[in-house]
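[1] Got a sequence here, can you model it:
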Amino acid sequence: MALAFLGRLLFVFIFLSSGLQKLQSFDIVTGGPTMAVMEPKLDTFLQRVNHWAGTSLPITKAMYPYALLASIALELGGGLLFLLNRRFGAVLLNTSMFGALLFYLGMRQ
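    Below you'll find the predicted structure:
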C-alpha cells in the first residue's frame, strides 16, 4: 500500500510542479510567458480543426489565456485527485495529456 502511494506521489509530482510553475507566471490578460509558446500552436491547431470540420470555431485570441488557465486547472486538480486515489483525477490527467499530445502533433509540422 505504501509503495503504491509512493508511486502515485512521484507520478503526481510531475504534474503538480508543472502546473505550479505555469500558475506562478500566469497573467490573465496576456497569459504570461507560457502563452508566447502556446499561441502559435493554438493557432495551428484551430486552423486544422477549422479545415477538417469545415467551419470556424468561435475562439478568439482573447480566449487563449483562459485555455491556459483550464490546462493549469486540469494539471493541478487532476494531480491532487490522483494523489488521493480518485479515479476522476486520472481522467483529468489523461485530458491534460491529450491536450499536450495535440500540441506535440502541431509542433511536428
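
[2] What separation is there between residue 16 and residue 41?
    Residue 16 sits at a distance of 23 Å from residue 41 (criterion: Cβ to Cβ, to the nearest Å). Where you see a C-beta, it was placed from the backbone N, CA and C, and this is true even at glycine.

[3] what's the answer for residue 59, then?
    Distance from residue 59 to residue 41, by Cβ to Cβ: 13 Å.

[4] again, but for residue 104
    Distance from residue 104 to residue 41, by Cβ to Cβ: 9 Å.

[5] With residue 32 instead?
    15 Å.

[6] okay, and the common contacts of residue 59 and residue 41?
    Both residue 59 and residue 41 lack any common contact, where contact means Cβ atoms under 8 Å, 6 or more residues apart in numbering.

[7] wait, doesn't residue 27 sit right on residue 64?
    No - counting by Cβ atoms under 8 Å, residue 27 does not reach residue 64; the two are 11.8 Å apart.

[8] Between those two, tell me which one has more neighbours.
    residue 64 (18 against 12; other Cβ atoms under 10 Å).

[9] ok, that one touching residue 42?
    Yes - the pair residue 64 and residue 42 qualifies as a contact (Cβ under 8 Å) at a distance of 5.8 Å.

[10] Figure out the helix or strand that the nearest residue to residue 69 once chain neighbours are set aside lives in.
    Excluding its sequence neighbours, the residue lying closest to residue 69 (Cβ to Cβ, 6 or more residues apart in numbering) is residue 26, at 6.8 Å. Assessed by DSSP states H and E, residue 26 sits outside every helix and strand.

[11] For residue 81, give its distance to residue 20.
    Distance, residue 81 to residue 20, by Cβ to Cβ: 16 Å.

[12] sorry, back to before: who has more neighbours, residue 104 and residue 41?
    Neighbour count, other Cβ under 10 Å: between residue 104 and residue 41, residue 41 has more, with 16 against 10.
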